[in-house]
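Colleague: next come a sequence and a model predicted from it.
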Amino acid sequence: MTRPESPYRLPPRWTDRPALLRKQQAVIAEQQRRLQELPARPPTIGFFEQRLISAPTAPKRAPRIGLLCQFAPPELVWAAGGEAVRFDCGNSAAVMAGEELVTGDICPLVKATLGQVASPAALPNSCDAWIVPASCDAKKKLAEWLADYKPVFPLPLPPTLDSARYSTWVVSEFERLADFIASITHRRIRRQALQAALALGNQRAALIRRLHEARLAQPGAMSLQDAFLLVQSSLFSPEPIETWIPEAEMTIRHAEAFRASRHRLRPRLVLTGAPIVWPNFKPIQVLEECGADVVSDTLCTGLQTCADPARTDESSMNALLRALAARSVFGSLCPCFTDATNRFNRVLDLVERTHARGVVHYALRLCQPFDLETGRLEQLLKARGIPLLTLRTDYSLEDTEQLRVRVEAFLETLV
Amino acid sequence: MDPLNTLLQAAGVWIRPLQSLLVALATALALQGVAGSRSAALRRLLPGAVFLVAAAIHWVAQRHPGWSLWLYRLEHPLVPAFFLLVLPALLLHGHRLYPLFLLWPASLLAGLVLHIRHQLLLQPPGSGFVGFPSAPVPLALGLVAFLVLIHPVLPLRTWRVSVRLTALVLLLWGGFLFRTSPADFERAMARRASPRNDLIAFSETTPVLYDPERLVYLPAAPCRFSADGGYVQGCGMELLQRLAQLDTRAISSGALSERALLAVALGALTSLSIALFLAGRWWCGWVCPLATLGDVLDALRRRLHLPHVKTSPTAQRAAFWSGLSLGSFGLLMAAAVPRLDAQGRFLGCKIPLYPFCKICPAQQICPVAARGPTAYPPLPGREWLGGFFGVAALALLIFFVAAFALSRRLFCRFCPMGLLGGPFNNGGLLALRKRPVRCNRCGLCRDVCPVDIPTVAAEMKRSEVAHWSCHYCLKCVEWCPQPDCLRAEFAGRPILRSHWP
């Protein structure tokens, strides 16, 4: 496949300052230590923790392709015989590394990701190519930055979530993406391989749904942090998903068997807003430590991610790509589209289904699409008498105590 | 021993209200009326009470000579299956005692087997009949009991295929396979042996249920040209043509024979409307033998993993309007039939008795499917309305084959037989509902819809989403991955909810 060569390709810039790398390791170690303090962890959770932590050093068995968002379907990479790994980063120390390259008011997720990309030893650099969905402004621009380093496929997205109008166009983009992936892995994507890959993805989706249901029935079965760890270890590690599925099934069965010894009085909350990416679990940590049960979330890195299957009653290549487009693009809750219907719908529905007492909106500082939706979400929930707390914060741990005070005050109003 | 028939005969006149579409309508309306009611007693008892009252009225009225004939015209041999099996299965489905209920269809099915065995033993040696002799009511009961029994163990898509194949067998080969008696079979054979003198003339084929006082029609396209008419008289378009070709002058001048024809046709129209009100275009999705035959091409395409052509709104509109206009034109021509002169001409043009049937693809496909390629009717020549019938029949046949082979069920947007059901899709007893708050607009329901209906996916405010062209194949409900986002309701009660896995 030929890609238009940019006339302004610049030499890549690297930031491999040992102090920053050590700090990134320290952030991960600190997060690991905090997770160990959680009560009632499933006995098999170590597998998922190890899978996430060892992701940068995982042995490479096949061409590896990095994905930046849930819009990029890993199934296409699997079908081409490649390894797929998400490389968006939540490490606060990587933000500092990124700030050496990009200045200005850019969201910490993009800065951290760029910081990782510029560190030769980090996970993104083990990839042979990257797929960068052009969702928000920051990610649109990030694609150009990243193209200085490795082959990048900027995946265009429709402005509006209207599958009737844009489905054919998205499928044609997915066809181009499939060609790009095949040019990296040197293996054409065949129908049977894609069907098998979809089936694998659907197995993961079914497991994540089961976990969600188990936590709804018994929020004490598993902390949301462990649930996030479980889900994200399937996304942010290049290890094959086939090894994740049996372990996850065992862990979820353990959670399903959990019975609380007494009635749980903690207020139930629904979490919505910006992605919470390993190793930054700060907002959930604060919420859970303050005594709330976050029973459900709408986050694109949480229990709503990959929870939908890619299925169709047809078996042509076109139909399979259409099913992928329906799942990864049109069913999205991302705020980068012209209307927030999907996310608002999901929030209202989850509040009703989970009998939640309130909603917490995590507005990642400098993430404009989420920020712009905050006011309307407040108004919408207020009209329905649902309490809302907006947490506007970034990846740094410095404001943890302020957040704790606000969350405690909010929880008191719910009682 | 023949327990089923003994039971039916012992029930005698008492069972007749169970055959009445009017009683079925009253019961279903009562069900719908109290579906959302808070009082559990009302929900459980009122529909039963309404049934008893309606049955009592029916029973008393059938003793009145003036009404008796009309009540008889509004009866339908399929209705006992609705009352005794379909309705209880719909109401009890999901209940913990449902497995216990399945003993009932199992015993009915066993009754049908014994009934057929008994009839076979009665058969005189050398009658030549190789099918299954059975009276219509036990046959319908037994087949529906079989479908109710296999429902819990089959995935929805396989069960849908089972229902459609059962309907196909009954409506296409039912006339061969299931005659009421060997004598009935011999009469059918005699009709088949007689050479057709005028090929374009309407050769009367008589279905098993043929009765000069009561004609049984089904919505969708159960073509009367399939082998000996199968189990019903035909489709709604045939009935409308029958009505259109009545001589209005003879009726107003009080000709008894023409008035009797009108009464029979009006009775059939009423029962057809009730059947449509009960299920809308569900008949197209689950019963229509023409669509089942067309779907063989669709299955072939799927087997070859070929993509289908997604129809544009323009193509959909074009199919709908051309179907409506061709159907109306056919009815207009049928209205010219009483004005034909001695040479069978109207304004100098030859017009057949059932003009729409002459161009309908079913008239060419169903006989071939039933009896093999030799049954293909020759195309009408140039003398028939300047060759219009020949050209239109060929064009529609090509459209039928192309539409089913390439674009799933585009043909059904055209089909004038199915168009009759469209108005009953919304407001009838069967409903397709959506909870927009559960929808994430992924568009899967539109992708799996065989008629490419966009409104189910696009509707984000109202809960009623059934479209004019919807067939209630329920694929959207089956494939929607959001829990209880889409659901099908009968008489206000959910019968299928979307869920995954």
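Modeller: Right, received. Where do you want to start?

Colleague: use CA for all of it now, contacts and neighbours both
Modeller: OK.

Colleague: contacting residues around stretch A:37-53?
Modeller: With contacts defined as Cα atoms under 8 Å, 6 or more residues apart in numbering or on different chains, stretch A:37-53 is touched by A:28, A:220-223, A:226, A:229-230, A:232-233, A:236-237, A:239, A:247, A:250-251, A:254-255.

Colleague: which of those residues are buried?
Modeller: Buried by 16 or more other Cα atoms under 10 Å in any protein chain shown: A:28, A:220-223, A:226, A:229-230, A:232-233, A:236-237, A:239, A:247, A:251, A:254-255, out of these.

Colleague: and the strands in the chain?
Modeller: Because you didn't say which chain, this covers chain A. Counting by DSSP state E, chain A has these strands, from start to end: A:64-67, A:83-86, A:129-133, A:152-155, A:268-273, A:293-297, A:358-364, A:388-393.

Colleague: actually it's chain B I care about, not the one you picked
Modeller: Per DSSP E, chain B carries strands over the ranges B:345-346, B:349-350, B:430-434, B:486-490, B:493-497.

Colleague: can you list the residues of chain B near chain A?
Modeller: B:302, B:305-307, B:436-444, B:447-448, B:454, B:479, B:481, B:500-501 (Cα under 8 Å from any Cα of the partner chain).

Colleague: mind listing what's buried along stretch A:136-149?
Modeller: A:Cys136, A:Ala138, A:Lys139, A:Lys140, A:Leu142, A:Ala143, A:Glu144, A:Trp145, A:Leu146, A:Ala147, A:Asp148, A:Tyr149.

Colleague: ok, so of those, who is nearest chain B?
Modeller: Nearest to chain B among the buried residues of stretch A:136-149: A:Cys136, at 19.5 Å, using Cα to the nearest Cα.

Colleague: mind listing residues that contact stretch A:233-249?
Modeller: Contacts for stretch A:233-249 (Cα under 8 Å, 6+ apart): A:44, A:47-49, A:51-52, A:55-56, A:58, A:64, A:83-87, A:200, A:203-204, A:207, A:230.

Colleague: then that stretch to PDB, C-alphas only?
Modeller: Extracted in PDB, the C-alpha atoms of stretch A:233-249 (Å, rounded to 0.1, in the frame of the first residue of the first chain):
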ATOM      1  CA  SER A 233      -4.600  -6.000  30.900                       C
ATOM      2  CA  SER A 234      -6.400  -7.300  27.800                       C
ATOM      3  CA  LEU A 235      -5.900  -4.000  25.900                       C
ATOM      4  CA  PHE A 236      -2.600  -2.600  27.000                       C
ATOM      5  CA  SER A 237      -0.600  -5.800  26.600                       C
ATOM      6  CA  PRO A 238       0.700  -7.300  23.300                       C
ATOM      7  CA  GLU A 239       0.300 -10.800  24.700                       C
ATOM      8  CA  PRO A 240      -2.200 -12.900  22.800                       C
ATOM      9  CA  ILE A 241      -5.800 -12.500  24.000                       C
ATOM     10  CA  GLU A 242      -6.200 -16.300  24.100                       C
ATOM     11  CA  THR A 243      -4.100 -16.400  27.200                       C
ATOM     12  CA  TRP A 244      -6.200 -13.700  28.900                       C
ATOM     13  CA  ILE A 245      -9.600 -15.300  28.300                       C
ATOM     14  CA  PRO A 246      -9.200 -18.500  30.500                       C
ATOM     15  CA  GLU A 247      -7.700 -16.500  33.400                       C
ATOM     16  CA  ALA A 248     -10.400 -13.800  33.100                       C
ATOM     17  CA  GLU A 249     -13.100 -16.400  33.100                       C
END
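
Colleague: show me how far that stretch is from its chain's centre.
Modeller: Relative to its chain's centre, stretch A:233-249 lies at 15 Å (Cα atoms, centre = their mean, to the nearest Å).

Colleague: ok, now stretch A:187-198?
Modeller: Centre-to-centre, stretch A:187-198 and its host chain are 24 Å apart (Cα atoms, centre = their mean).

Colleague: now swap in stretch B:102-110 and tell me
Modeller: That offset, for stretch B:102-110, works out to 24 Å (Cα atoms, centre = their mean).

Colleague: what mean pLDDT does that stretch have?
Modeller: Stretch B:102-110 carries an average pLDDT of 93.

Colleague: in that stretch, what counts as buried?
Modeller: By 16+ other Cα under 10 Å, the buried positions in stretch B:102-110 come out as B:Leu102, B:Trp104, B:Pro105, B:Ala106, B:Leu108, B:Leu109, B:Ala110.

Colleague: from these, pick the one nearest B:Val391.
Modeller: B:Leu109 (47.1 Å; Cα to Cα).

Colleague: what sits closest to that closest one if chain neighbours are left out?
Modeller: Spatial nearest neighbour of B:Leu109, chain neighbours left out: B:Gly142 (4.7 Å); criterion: Cα to Cα, 6 or more residues apart in numbering or on different chains.

Colleague: and the one you found, how many neighbours?
Modeller: B:Gly142 has 25 neighbours, counted by other Cα atoms under 10 Å in any protein chain shown.
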